[in-house]
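In: With the input below, show me the fold.
(one chain, ligands or ions: 2)
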Amino acid sequence: MLKKSSLPLSLPARHFSGQGRLKSRYDVVIIGGGGHGLATACYLAGDYGVTDVAVLEKGYLAGGNTARNTTIIRSNYLTPEGVAFYEESRKLFAGLSNKLDFNVLYSERGHLTLAHTDAALRTARWRAEVNKHLGVDSELVFPDEIAKLCPQLNLSPDVRYPILGALYHPPGAIARHDAVAWAYARRAAALGVEIHTQTEVTGLKIENGKVTGVKTRRGDIACGKVLQAVAGMSSEVARMAGIKLPVKTIPLQACVSEPVKPFLDPIIVSGSLHVYVSQSARGELVMGAAADPYPLYSTRSTLEFKEELMMHLLELFPFVGGLKILRQWAGMADMTPDFSPVMGLTPVENYYIDAGWGTWGFKATPVCGKRLAELIATGEVPELIKPFELARFHRFQQVGERGAAAVGH
Ligand code: FAD
Ligand code: PYC
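Out: Ligands and ions are numbered 1, 2, ... in the order given. Got it, this is the predicted structure:
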């Protein structure tokens, strides 16, 4: 064991410093201390010098969906708007450990979306073409190629749903979710941002159509600008601002197995079988399925989820039958009608939104932080996030990502 005196003097603090008193006013208040809120705070301070910022988190840091997701990072979406947006995030992710001087265990694995039907093959081809057109590395592959990329997959034609092909996305990656949040928190705090956990926002002060303050369980605060980045609680918090979101909140469950020696390099997704799996750096299989079939504000997890998931997993990897499940959990996913996020301006002046992240928002953590910081600091809506503004639902300009964002359809 290292003695304290033998540690290098320059050893950086691993975490942000403890919270102090709330000030009576901040230039910017960010509601939600998940990855998105923390990343925005970090880029506001680092890229724009906006440091009079408070991140208010009702629970512990990044204990919401940031703690609960299965960490898949990819940009193989269907719409040009989606592909460009997630590709910027993927690139930021690839350089994140260096930028923040904190190892987020970013690991490029390749991502295979399996097609078991002609319709799924058609969608895979479509996605591959849109991706390639925008310079994103994706291609349609067939069983002979899939066998080389993932020899463990059951490619037998004699199963109920044989694998006909797949969308292969070599840059698909995973990372350590909580390290991403800690890295942003640590850098933001070092730049002067205040991070207050156990500080729930319970109301907003709005005067003449403009937000001027937030009410919290620790007292009221005046502020210049507010961003809400609260994932599964988006409708509730937006309601405090008088904003109705086109969002349904639906539980999404996941689980991990006991750790085993590395055998699975790529990330495997099957929409038809409602199952996806990757192997973490620790050797655990990280697995999930489609969202639950009903809206609910709950993070309970169910036996049905596990039974159905295992049934389908065994169709793909029959040899994992003896593996034990270590943990299962759920998060609350805010699902939009078009399976795309809601980002940017709202009808309330100086009140910004980052919501509708459903089952797909971990991969967007860096780009959300960067582009929302740009919006808040400059007042200009970045081109990259314009397609995702709330007003698109009034103009019938949805960004339909269902075929590429959801695990089961
Ligand atoms: P969160 O991390 O949830 O942070 C929001 C914070 O706001 C929470 O900590 C919450 O406590 C806080 N909050 C709420 N209300 C208040 C209030 N009134 N006052 C103060 N604080 C408040 N995405 C991917 O890209 N890839 C995946 O593989 C993936 N897998 C997933 C698997 C599961 C099981 C789940 C549930 C989600 C998955 N996602 C995935 C989606 C992803 O987890 C989320 O979209 C993303 O984490 C959202 O980040 P966030 O910072 O917006 O939200
Ligand atoms: O966005 O790739 C994704 C994903 C997979 C599982 C949940 N979300």
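In: per-residue confidence for A189?
Out: Note on A189: pLDDT of 95.
In: Specify the local secondary structure of it.
Out: Recorded secondary structure, A189: helix (DSSP: H, G, I helix; E, B strand; the rest coil).
In: who are the neighbours in contact with the closest residue to S278 other than its chain neighbours?
Out: Leaving aside its chain neighbours, S278 sits nearest to I267 (4.2 Å; criterion: C-beta to C-beta, 6 or more residues apart in numbering). (C-beta placed from N, C-alpha, C; glycine too.) I267 makes contacts with 72, 74, 109-112, 172, 174, 276-278, as judged by C-beta atoms under 8 Å, 6 or more residues apart in numbering.
In: Now which of those would you call buried?
Out: Buried members of the contacts of I267, scored by 16 or more other C-beta atoms under 10 Å, are 72, 74, 109-112, 172, 174, 276-278.
In: Distance check, the residue of the stretch 1-150 of the chain found nearest ligand 2 against ligand 1.
Out: Residue nearest to ligand 2 within the stretch 1-150 of the chain: I72 (3.7 Å; C-beta to the nearest ligand atom). With distances taken as C-beta to the nearest ligand atom, to the nearest Å, I72 is found 3 Å from ligand 1.
In: tell me which element R90 falls in.
Out: helix 80-94 (DSSP states H and E).
In: Work out the gap between that helix and the centre of the chain.
Out: Centroid separation for helix 80-94 versus its chain: 12 Å, with C-alpha atoms, centre = their mean, to the nearest Å.
In: Touching it from outside, list them.
Out: Contacts of helix 80-94 (C-beta under 8 Å, 6+ apart): 73-77, 99, 104, 106, 108, 130-131, 133-136, 171, 173, 175, 340, 363-368, 370, 384-385, 387-388, 399, 401, 404-405.
In: Next step: those residues restricted to helices.
Out: Within those, residues falling in helices by DSSP state H are 99, 130-131, 133, 365-368, 370, 404-405.
In: The stretch 201-350 of the chain: strands as residue ranges?
Out: 201-207, 210-216, 219-228, 248-257, 267-270, 275-279, 285-288, 325-335, 342-345 (DSSP state E, counting those that start in this stretch).
In: Please apply the same query to the stretch 1-150 of the chain.
Out: 25-31, 53-56, 107-108, 111-115, 139-141.
In: quick one, which of those strands is nearest to A231?
Out: Closest to A231 of those, according to C-beta to C-beta: strand 25-31, at 11.0 Å.
In: list the buried ones in the closest one?
Out: 26, 28-31.
In: do the same with stretch 398-405
Out: 398-399, 401, 403-405.
In: Same question for stretch 249-265.
Out: Result for stretch 249-265 [16+ other C-beta under 10 Å]: buried residues 249-257, 260, 264-265.
In: And stretch 173-186, by the same measure?
Out: So for stretch 173-186, counting by 16+ other C-beta under 10 Å, buried means 173-177, 179-186.
In: Identify the residue nearest V256 in space, chain neighbours excluded?
Out: Counting by C-beta to C-beta, 6+ apart, the residue nearest V256 is E284, at 4.3 Å.
In: near ligand 2, which residues of the stretch 201-350 of the chain show up?
Out: Within reach of ligand 2 by C-beta under 6 Å from any ligand atom, the stretch 201-350 of the chain has these residues: 276, 288.
In: If anything else comes up later, I'll come back, but that's it for now.
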